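[1] Predicted model follows, preceded by the sequence.
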Amino acid sequence: MGGGQAMTATESTVPSEAGPGEDTPVPASDPQSTRSWPWWLGAALVVGYLLQLGWRLWLARSVPTPVAHADEDRYLLAARALAGGPGGLGNDTEAFRRLGYPLILTPIYWFTSDPFKVFHAAQAIGAVVNALTFPLCYLFARRVLHGERRIALIGAFLVATLPTVAYYGEFALTDSIFAPLGLAWLILLHAQLAGRTAWSRGAAALGAGAVVGYVYAMHVRGLVMLGIHGAVLAVLVITRRSRWTLPVASLVAALVVSRLDWVAQRLIGDRLEHGGIEPDGRMWSRLFDARGAVHIICDAAGQIWYTGVGTWGLAAVGLVVAVQRIRGRDTSGTDLAQRVTLVTAFAATALIALSSAAALPPDGRVSNHAYPRYVAFLAPIWAMLAIVALCGAGRRRALRLYGAAAAVIVGGAFLVLARQTDLVRETFEPFDTPEVSFLTNTWGALPIARATATALLLLAVFVFAIAAPRPARLARIALAGVLVLNVGAMEVINARSLRPMAAKQYATAPQLVKDIHLGPGDVVVTSKWVPLSPLLNHQREVYWGPLAEFDHRKNQPPSNATAVIAPWNTLNGVDDWDGDARGWRRVAGDPVVKWAVWLRNSDPRVGTVSTGSGR
């Protein structure tokens, strides 16, 4: 951006009085103008994006059905309800139900109602958006960090393949599209301050507001991001770094777009039921209790620890560099717009980690003490900053950065281990910690110390090679090694974790349509005592009408019911519902999870049902 004049820390960035109502762009210090886009660069970005997209679609084959219950189920059910279909039990609290993400899935139901095809289409949409991490990382490196073109291009491709980004692209989750949205928000915020023309700064202000408004409508993390966005803009106005027009326009855009959730909620009405316990009381009780506050700090530090470890140490280096640039300790290529952007990203990381640590339920999952999912979308920013800062940094500076990053990771590990009494008795969910499972080759526990040591060893190798001024071949080998590690990690994670999780969904259970031949002519009811995971699967499979619920311990199924889903005859060893004595015949079910499908004795399908394992 601009010429080769580097901006010093004392350069004025107060809006010029010569142009009333307009902001003066913050001088940029990019040594190479980003205006020039040679043909090969555009081709490289397009080819790179297609490679990222194809790889994500290839990875998605490992997850043929939802496994992240009940998050994926409620998004798919909400999209179906928005398309005019039946709703069901979302099993979510009012605070966490946001409908911005289901809105982009709704068009799928215009073309198919098959729940498995719908899920694959949702995965494809997620892959298309998630792959945008690559070009957006390039833009972030060039426009915000003023990185050299080749480093930005290679680094962006590597960062986009990190498991912390690609992993979530395999699911129907908001996380599949969060990383590109976070990058777009920060790039546009930077452009609002550093754009060359009034038109570009105005468009960027509206765009940044629209993105953060949509994120608010998509997930409760957006509430934190919207608050930070408003606070940053207010500070810019108060300190006279910006006139009031662009910040106000940005906030108006954010508030308008955020109302998408309100509109969608009114369209669904009560067709999607809430479940769970609202987090408000839990958050406030922890905040105003000394022990609870300490637990929040430890668990938030655990998220920072995981962000560093899960990116092979690179994100920890990026956080250190960001702090140095924010404090003015590192002025290499920095300007006000970059510092504001990094402050915004740093505040989002810290506040989302703290608020989510306070809100996570005490459900006995050991990963809650180092839950990476809510801040993972910002990891590409820190990893990209690390690569830009390390390339050609020299051994002495690289060693200092490594030492500071190691302190961040070790300090976070110490605070996680401070919760040792909880760690030893809580359960482990392999879905939550894929990178640590890969690093330690441990798929049934969370080995904090071993993961820390492994990540620090990898980071030492990368730092030594990437920062080497000569020979450059070492740096190229190191960057290629990161790519191989990322791709290999995803294959191992899928083989050892995701494929077994997906296989369990229908390993001993039939599909209602394919195996039992239920269809739009059937009225299907389910007992409220059927376990939650199969209940959520059944809601998606019965796409033609609501899945009515009854209490088989107290009542009989409705007289118009043609199929009943109830316990496998026994629950806790007690014969709770004798369907045979009431004119029903058990035709199929899951003997492991203990649920069964019952058809009336007069139903011609009795005796002809396939009890295969579905997919």
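    Ah, there it is.

[2] which residues touch Pro534?
    Applying C-beta atoms under 8 Å, 6 or more residues apart in numbering, we find Pro534 in contact with 509, 565, 590, 593, 595. Where C-beta positions appear, they are placed from N, C-alpha and C, glycine not excepted.

[3] repeat that with 10 Å
    The neighbours of Pro534, taking C-beta atoms under 10 Å, 6 or more residues apart in numbering as the test, are 69, 505-506, 509, 526, 541, 565, 589-590, 593-595.

[4] Going by distance to Gly318, which of those wins?
    The shortest distance between Gly318 and any of the contacts of Pro534, using C-beta to C-beta, involves His69 and amounts to 33.3 Å.

[5] wait, isn't the closest one in contact with Leu536?
    Yes. At 5.2 Å, His69 counts as touching Leu536 under the criterion of C-beta atoms under 10 Å.

[6] Would you mind listing the residues touching both of these two?
    If you check His69 and Leu536 against C-beta under 10 Å, 6+ apart, the residues they both contact are Asn91.

[7] rewinding a little: filter the contacts of Pro534 down to the ones in helices?
    Helix and strand membership here follows DSSP state H; of the contacts of Pro534, those in helices are 505, 541.

[8] Please parse this protein into its domains.
    Domains of the chain are assigned by automatic domain parsing as 39-499, 524-600.

[9] any chance of these in CSV, with mean pLDDT too?
    Formatted as CSV, the entries for those read as follows, by pLDDT from 0 to 100:
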stretch, mean pLDDT
domain 39-499, 91
domain 524-600, 85
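
[10] Now do the SS call for the closest residue in space to Ile297 that isn't next to it in sequence.
    Sequence neighbours aside, Leu415 is the residue nearest to Ile297 in space, at 7.1 Å (criterion: C-beta to C-beta, 6 or more residues apart in numbering). For Leu415, the secondary-structure state derived from DSSP: H, G, I helix; E, B strand; the rest coil is helix.

[11] got a list of what Leu415 touches?
    294, 297-302, 304-305, 369-370.

[12] which of those residues has the most neighbours?
    Comparing the contacts of Leu415 on neighbour count, Ala370 comes out first with 31 neighbours (neighbours: other C-beta atoms under 10 Å).

[13] From Ala357, how far off is that residue?
    According to C-beta to C-beta, to the nearest Å, Ala370 and Ala357 sit 10 Å apart.

[14] which neighbours do the two share?
    Common neighbours of Ala370 and Ala357, counting by C-beta under 10 Å, 6+ apart, are 298-303.

[15] and the helix or strand harbouring Leu251, C-alpha only, in PDB?
    Assigned by DSSP states H and E, Leu251 belongs to helix 245-268. Coordinates of the C-alpha atoms in helix 245-268 are reproduced here as PDB (Å, rounded to 0.1, in the frame of the first residue of the first chain):
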ATOM      1  CA  THR A 245     -19.300   9.200  10.000                       C
ATOM      2  CA  LEU A 246     -17.600   5.900   9.100                       C
ATOM      3  CA  PRO A 247     -17.900   4.400  12.600                       C
ATOM      4  CA  VAL A 248     -21.600   5.300  12.800                       C
ATOM      5  CA  ALA A 249     -22.100   3.800   9.300                       C
ATOM      6  CA  SER A 250     -20.300   0.600  10.300                       C
ATOM      7  CA  LEU A 251     -22.300   0.200  13.500                       C
ATOM      8  CA  VAL A 252     -25.600   0.800  11.700                       C
ATOM      9  CA  ALA A 253     -24.700  -1.800   9.100                       C
ATOM     10  CA  ALA A 254     -23.800  -4.200  12.000                       C
ATOM     11  CA  LEU A 255     -27.100  -3.600  13.800                       C
ATOM     12  CA  VAL A 256     -29.200  -4.000  10.600                       C
ATOM     13  CA  VAL A 257     -27.600  -7.300   9.600                       C
ATOM     14  CA  SER A 258     -27.700  -8.600  13.100                       C
ATOM     15  CA  ARG A 259     -31.500  -8.400  12.900                       C
ATOM     16  CA  LEU A 260     -31.400 -11.300  10.500                       C
ATOM     17  CA  ASP A 261     -31.600 -13.500  13.600                       C
ATOM     18  CA  TRP A 262     -34.700 -11.700  14.900                       C
ATOM     19  CA  VAL A 263     -36.400 -12.200  11.500                       C
ATOM     20  CA  ALA A 264     -35.500 -15.900  11.300                       C
ATOM     21  CA  GLN A 265     -36.600 -16.500  14.900                       C
ATOM     22  CA  ARG A 266     -40.000 -15.100  14.000                       C
ATOM     23  CA  LEU A 267     -40.300 -17.300  10.900                       C
ATOM     24  CA  ILE A 268     -39.600 -20.400  12.900                       C
END
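
[16] which parts of that helix are buried?
    Residues 245-247, 249-251, 253-254, 257-258, 260-261, 264-265, 267-268 are the ones in helix 245-268 that count as buried (16 or more other C-beta atoms under 10 Å).

[17] Okay, helices next: where are they in the stretch 501-615 of the chain?
    With DSSP state H, counting those that start in this stretch applied, the stretch 501-615 of the chain shows helices at 532-541, listed in chain order.

[18] can you check the stretch 201-350 of the chain too?
    221-238, 245-268, 280-287, 290-309, 314-326, 336-359.

[19] Figure out which of these is closest to Ala405.
    Ranking the helices of the stretch 201-350 of the chain by their distance to Ala405 (criterion: C-beta to C-beta) puts helix 314-326 first, at 3.8 Å.

[20] sorry, back to before: using a markdown table, lay out the helices of the stretch 201-350 of the chain together with distance to Trp185.
    Compiled in a markdown table, those are given as follows (distance: least, C-beta to C-beta, whole Å):
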| stretch | distance to Trp185 |
| --- | --- |
| helix 221-238 | 7 |
| helix 245-268 | 10 |
| helix 280-287 | 25 |
| helix 290-309 | 18 |
| helix 314-326 | 16 |
| helix 336-359 | 8 |
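
[21] of all the ones you listed, which lies closest to Arg419?
    Among the helices of the stretch 201-350 of the chain, the nearest to Arg419 by C-beta to C-beta is helix 290-309 (5.6 Å).

[22] Confirm Gly169 sits in a strand?
    No. Using three-state DSSP, the assignment for Gly169 is helix, not a strand.

[23] Can you get me a residue count around it?
    By the other C-beta under 10 Å criterion, the neighbourhood of Gly169 contains 27 residues.

[24] Which residue, other than its chain neighbours, is closest to it?
    Asn130 (3.7 Å).

[25] Could you report the separation of the one you found from Val263?
    For Asn130, the distance to Val263 under the criterion C-beta to C-beta works out to 26 Å.

[26] Ok, Trp199 next?
    Looking at Trp199 against Val263, where the rule is C-beta to C-beta, the gap reads 30 Å.

[27] And the helices in the stretch 51-200 of the chain, which stretches?
    Ranges of helices within the stretch 51-200 of the chain are 71-82, 100-105, 115-130, 133-139, 149-160, 163-166, 175-194, 198-218, based on DSSP H, counting those that start in this stretch.
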